[in-house]
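# model the following, please.
(2 chains)
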Amino acid sequence: MVDIYLQAFATVLMPQNLIAMTLGALWGLLAGALPGISTSMGVVLLLSFTYTLSPMTAFVLLIGAYLGGITGGSITSILFGIPGEPSSVPTVIEGHALAKQGRAAYAMWVYLLCSIFGGLFSVFVMILATPLIANFALRFGPPEYFALTVLGLSVVSGLSGGSMMKGFLSCFFGLFLATVGTDGITGEERFTFDTVTLLGGINFVVAMVGLLAVSEIFIEAEEPFKEYKGGVEYRGLLGELPPFSLFKKYWLTMTRSPIIGTIVGALPGAGATIAAFLAYGEAARTAKHEPEKFGKGAVEGLMAAECANNASTGGSMTILLSLGIPGSNTTAMLVAAFMIHGMQPGPLLLSTRPDIIYGIFVAMLLTNLLLLVLTGTAIRLFLELNRLPYSVFSAAIMILCVIGAFGLNNSVDDLFLMFAFSVIGYFMRKFGVPVAPCILALVLGDLAELSLRRSLLLFGGSPIGLVSSPISIVLLAGALFSIVYPLLKKPKMLDGV
Amino acid sequence: MKKGEIVFFAICVAFFGFMFYEGLDLAGQGRAGEIGSGLWPLLAIGASALFSVALLISSVKKHRGEGTAEDRTPEAIAEQKRQRITVTLSVVTFLIYMVVIPWLGFIFSTLVYIPIFALALGERRKSVLLISPFLLTGIIIAVFAKFITIPFPKGVGIFAEFSRLFY
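Numbers count the residues shown, from 1 in each chain, chains lettered A, B, ... in the order given. You can find the predicted model right below:
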């Protein structure tokens, strides 16, 4: 075991991987910090540039962007009161209130130390839990895989935003898109309309870039010139480091919040946002020291939210690596990265490519430490970046999208396909249909269909076979619960009234 | 917005209806237990169609319920018109960029695209419009074409000759 980790450290510490980690983390911080670019969008934009990289370098780069994005989302939240990420909303409430009191640098250090603490905590949980869950999952056959994909797709309830019906529409649209192309079992062409471009199916990277990144720019174009010129006095952070006694005082929050974050992150569809809100709410509910400060600059609230949202990354990655279920938008993009490099995340990967799995563990560990250094020294730079002309920034993103889509197959057809998806994505967003479930279904659709058809072949066409093992029953019940429970709790969520 | 929503979901119903019709040709049976190529897509399309119909009905109901409540001020109408123009311009410029990129190559089309797109978004500062295309194109070529060696469209004829000077 020690040998595997030493080898993983040696691989990740190779110069090209260290450069990739730094670039990924910087890009992630930038994407997270700038409103209009989400972490998932940041990862999607990088995804297209990993084709030519070795798998390990590609994952180090993407992990850097993922963790950087989650961490960076709070920079503008504290300094300008603009949440770079939805998970940073509690940080806006408390962190920005502190900044308005002239304690921006103090708030920044509290946020940074708590984020990194939460991130490292969840990485250790991930290292311990992934092999255990993966070994258990090796017992899975086609029916269990089908149940697992259904559970993965059930996250639609968490990704739907306001209306669950719209979320389901998006999800089934994604499942349909996944069927376009040549059928893997019968070889029959489906919905190709005699075009060569669609014979191989719809490439999920092209669809993702269009639906997520380009459509976002079109939406942002409705209110152009978002330049955030808020001023925050910068007196140097080192002199404002929070004392150790602060963390001692709030030890319960510092213990509880990363646990909440890791568990919630591991639940499909929950992710960093719910983790941050849950931990923040719990801190507010049980606050012993200055509970009246919540909403007006409570350090405890800031600590809880930041510990939890970064801790959710390890939880999401545990489920992704051990079961192949993307727990969040961004980890769904990482599934695409595995596929690009000819791998399928899940229990088998631990035995077939342990180098990648252990490399990811080490990369997550080191990226968290790197982020502490990078963010600590680059806060001033991020302040300046928010003054860049948004129009040029948008143009740069559009160009990156074009390069990414073209670079996939050197095909102009992919550019037009991306354009079509960007227009579809724009209208979906415009009318409140979330794009995330569509992307998730596009990624999981193939596996869901294949495992369903294999299961039916195994059991002579009887659907009873799908619920023949306790594992499938538990997984399908979990899927049903994750769809039905939010509806029972809030029935109006169905049509988003 | 409500009218737009009704039109959107009506288009969804029509699209999924058409796809369902197309998918019926796929529905065939194979060996025992084989559900064929058609069942899974038909399930997905059927469910999409059902949700589209439900959302269409819900939108129509909401529209009727709101009645004339959607009367807006001239400022709001002007703002919506401005938004539509901006989005249309940014979509059209992006489409044109992709149409010309195989002919003009990456460098020329990008140099033209950046200022036009920025203008469409409302950028009027001359320094930004003049400097950013060269700066951005240069950085992208240096990082992606030279460093990561991602393939870029070269264009045709004289444009291809020009592109070969850089990547």
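# leaving out chain neighbours, which residue sits closest to residue 5?
I'll assume chain A. residue A:358 (6.3 Å; C-beta to C-beta, 6 or more residues apart in numbering or on different chains). C-beta: built from backbone N, CA, C; applies to glycine.
# other chain: chain B
In this structure, residue B:5 finds its nearest non-sequential neighbour in residue B:59, 4.6 Å apart by C-beta to C-beta, 6+ apart.
# residues contacting the one you found?
When contacts are counted by C-beta atoms under 8 Å, 6 or more residues apart in numbering or on different chains, residue B:59 touches B:2, B:5, B:6, B:9.
# now do 10 Å
Shown in contact with residue B:59 (C-beta atoms under 10 Å, 6 or more residues apart in numbering or on different chains): A:431, A:495, B:1, B:2, B:3, B:4, B:5, B:6, B:7, B:8, B:9, B:10.
# can you turn the buried part of the residues you listed into a PyMOL selection?
The PyMOL command for the buried members of those (criterion: 16 or more other C-beta atoms under 10 Å in any protein chain shown) is given here:
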select buried, (chain A and resi 431+495) or (chain B and resi 5+6+8+9)
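# could you look up the SS state of residue A:197?
What DSSP: H, G, I helix; E, B strand; the rest coil gives for residue A:197 is coil.
# no no, residue A:326
Residue A:326 is classified as coil under three-state DSSP.
# contacts only, for residue B:52.
Each residue near residue B:52 by C-beta under 10 Å, 6+ apart is listed here: A:165, A:169, A:172-173, A:433, B:8-17.
# ok, so of these, who is nearest residue B:53?
Here the nearest of these to residue B:53, counting by C-beta to C-beta, is residue B:13; it sits at 5.7 Å.
# what's near enough to touch that closest one?
B:48, B:49, B:50, B:51, B:52, B:53, B:54, B:55, B:56.
# now do residue A:261, the pLDDT please.
Note for residue A:261: predicted pLDDT of 86.
# ok, it touching residue A:282?
No. The pair residue A:261 / residue A:282 is not scored as a contact, 11.0 Å apart, by C-beta atoms under 10 Å.
# could you dump the contacts of residue B:59 to TSV with secondary structure?
TSV is the format used below for the contacts of residue B:59 (three-state DSSP):
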residue	secondary structure
A:431	coil
A:495	coil
B:1	coil
B:2	helix
B:3	helix
B:4	helix
B:5	helix
B:6	helix
B:7	helix
B:8	helix
B:9	helix
B:10	helix
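# pipe the contacts of residue B:59 into a markdown table and attach pLDDT and distance to residue A:452 per row.
Formatted as a markdown table, the contacts of residue B:59 follow (pLDDT from 0 to 100; distance: C-beta to C-beta, whole Å):
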| residue | pLDDT | distance to residue A:452 |
| --- | --- | --- |
| A:431 | 90 | 31 |
| A:495 | 69 | 28 |
| B:1 | 59 | 39 |
| B:2 | 73 | 38 |
| B:3 | 83 | 40 |
| B:4 | 87 | 37 |
| B:5 | 90 | 33 |
| B:6 | 92 | 35 |
| B:7 | 94 | 35 |
| B:8 | 94 | 31 |
| B:9 | 94 | 29 |
| B:10 | 95 | 31 |
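# pick out whichever of the contacts of residue B:59 sits closest to residue B:76.
The closest of the contacts of residue B:59, once distances to residue B:76 are taken by C-beta to C-beta, is residue B:1, at 11.1 Å.
# keeping just the C-alphas, turn stretch A:393-403 into PDB.
In PDB, the C-alpha atoms belonging to stretch A:393-403 read as follows (Å, rounded to 0.1, in the frame of the first residue of the first chain):
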ATOM      1  CA  PHE A 393     -13.600  37.900 -21.500                       C
ATOM      2  CA  SER A 394     -16.800  36.500 -23.100                       C
ATOM      3  CA  ALA A 395     -15.200  36.500 -26.500                       C
ATOM      4  CA  ALA A 396     -12.200  34.600 -25.100                       C
ATOM      5  CA  ILE A 397     -14.600  32.000 -23.600                       C
ATOM      6  CA  MET A 398     -16.400  31.600 -27.000                       C
ATOM      7  CA  ILE A 399     -13.000  31.100 -28.700                       C
ATOM      8  CA  LEU A 400     -12.000  28.500 -26.100                       C
ATOM      9  CA  CYS A 401     -15.300  26.700 -26.800                       C
ATOM     10  CA  VAL A 402     -14.600  26.700 -30.500                       C
ATOM     11  CA  ILE A 403     -11.100  25.400 -30.100                       C
END
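# now it, how far from the chain's geometric center?
In terms of C-alpha atoms, centre = their mean, to the nearest Å, the centre of stretch A:393-403 is found 21 Å from the chain centre.
# leaving out chain neighbours, which residue sits closest to residue 54?
No chain in the question, so chain A it is. residue A:16 (7.9 Å).
# that's the other chain; I wanted chain B
Residue B:54 sits nearest to residue A:165 (C-beta to C-beta, 6+ apart), 5.9 Å away.
# could you tell me how many residues sit around that neighbour?
20 (other C-beta atoms under 10 Å in any protein chain shown).
# next, find the distance separating it from residue A:208.
According to C-beta to C-beta, to the nearest Å, residue A:165 stands 23 Å off from residue A:208.
# grab the longest helix from the chain for me.
No chain was given, so I picked chain A. The longest helix of chain A (DSSP state H) is helix A:104-137.
# nope, chain B please
With secondary structure taken from DSSP H, chain B has its longest helix at helix B:74-120.
# re earlier: what comes up buried for the helix or strand where the residue nearest to residue A:5 lies?
Using DSSP states H and E, residue A:358 maps to helix A:354-385. By 16+ other C-beta under 10 Å, the buried positions in helix A:354-385 come out as A:356-368, A:370-372, A:374-376, A:378-379, A:382-383, A:385.
# can you say which of the contacts of residue B:13 are buried?
B:48, B:49, B:50, B:51, B:52, B:53, B:54, B:55, B:56.
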